[in-house]
Structure formats: C-alpha cells, structure tokens
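In: quick one: sequence plus predicted model below, questions after.
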Amino acid sequence: MASRAGPRAAGTDGSDFQHRERVAKHYQMSVSLKSEIKKLIYMQIALWLLVAAQMCIAHFKLLPHDQVAMPYQWEYPYLLSIIPSLFGLFSFPRNNISYLVISMISTGLFSVAPLIYGSMEMFPMAQQLYRHGKAYRFIFGFSAVSVMYLLVVVAVQVHGWQLYYSKKLLDSWFTSTQEKKKK
C-alpha cells in the first residue's frame, strides 16, 4: 500500500497494476443502469404527478372548466403506471429479477398501452385543431390536445428508455447469476 508522504514500495516501478483485481464488467453495468433507470422512474413519477394534478383539479373543480379541461379517458388507466415504477425501485436493492420482470411487463400494460390508446383517442381532436384551428378543451389557455400530445411524446420516450435499460440490466443480472452457478 502506498503512503502519501513516503517513498514508493521497494521493488515496484508502478507497472504492477495489471495483476490487481478489478470490478467485473457486469457489476459496473448494473450500477450505471440502475442509476439511469432511477432517473427515468423519477421522470415518470413527475409525469404521473402532472396527470394526477390535472385530474384532481378538473374533478374537484378547483379551477374553472375553461382553465383546466376534464381528463381524457386514457388518463384514468395511465394513473396505474405508478405500479411498474414502484416494482422497478423495489427490484434494485437486492437485484430482484422477478420484480424487474414484473416492472417491465406492467410498464407495457399500464404505461405504454394507455399512451397508445390516448394518442388514438385524441387524434380526431388534433386533426380538427390542425385543419380548422378550433379547440374546445383548454389547459391554462393552451389547447388540451396539444398539451396532452406533448405529454404523450415525452412519456413514450421515458417508458421506452426505461424498458431498454431494464432489459440491459436484466441481461447483466443474468450474467452474474450464471457466473455464480458455474463456481
């Protein structure tokens, strides 16, 4: 072990680093992928909070109807998208493969599917806005369909990257599990 103030150990010229142990690649990947997925989950929670806030404001009539429009039908099942995020967060401390798989499958069911349905549900209103310039629903003075399409685009990207990184993390965990079984 080198001393900060003292001389280098006798018999070493600094080139003896190659024989030292290193952290295995799949462990390094696991740490970096967990970090990325956590960031995406926090972004998804922020999107979820925006949708939940809009729904609460509209249903409890905290603001006038012309300020915040009633929610679209796809927003109700999208509120269930918090479940996959929680399973994802619960899978990290002990590298729980089953929780991560549940998170990936339920992301498709509770997050991506409502977004696809929502984009189809809002398409006629977006088409009307584009062709005739008429909007009947507003969120703080902006066309509700434009605001919600923006949310859909961001949410699709967040969930897409989350699924991609989760798959890579799952592969990394399988690699480490297989290496443990070989020993």
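Out: Happy to help now that I have it.

In: do a quick rundown of the helices in the protein.
Out: 25-59, 75-78, 82-91, 97-107, 113-132, 144-182 (DSSP state H).

In: buried residues, stretch 81-91. List them.
Out: Going by neighbour count (16 or more other Cβ atoms under 10 Å), the buried part of stretch 81-91 is 81, 82, 83, 84, 85, 87, 88, 89, 91. Just so you know, the C-beta spots here come from the backbone N, C-alpha and C atoms, and that holds for glycine as well.

In: stretch 126-142 too?
Out: Along stretch 126-142, these residues count as buried under the neighbour rule (16+ other Cβ under 10 Å): 126, 129, 135, 137, 138, 139.

In: and stretch 95-104, by the same measure?
Out: Here stretch 95-104 shows 95, 99, 100, 102, 103, 104 as buried, counting by 16+ other Cβ under 10 Å.

In: the third one contacts residue 172, doesn't it?
Out: To tie it back to what came earlier, the one meant is residue 100. No - look at residue 100 against residue 172 with Cβ atoms under 8 Å: they stay out of range, at 10.6 Å.
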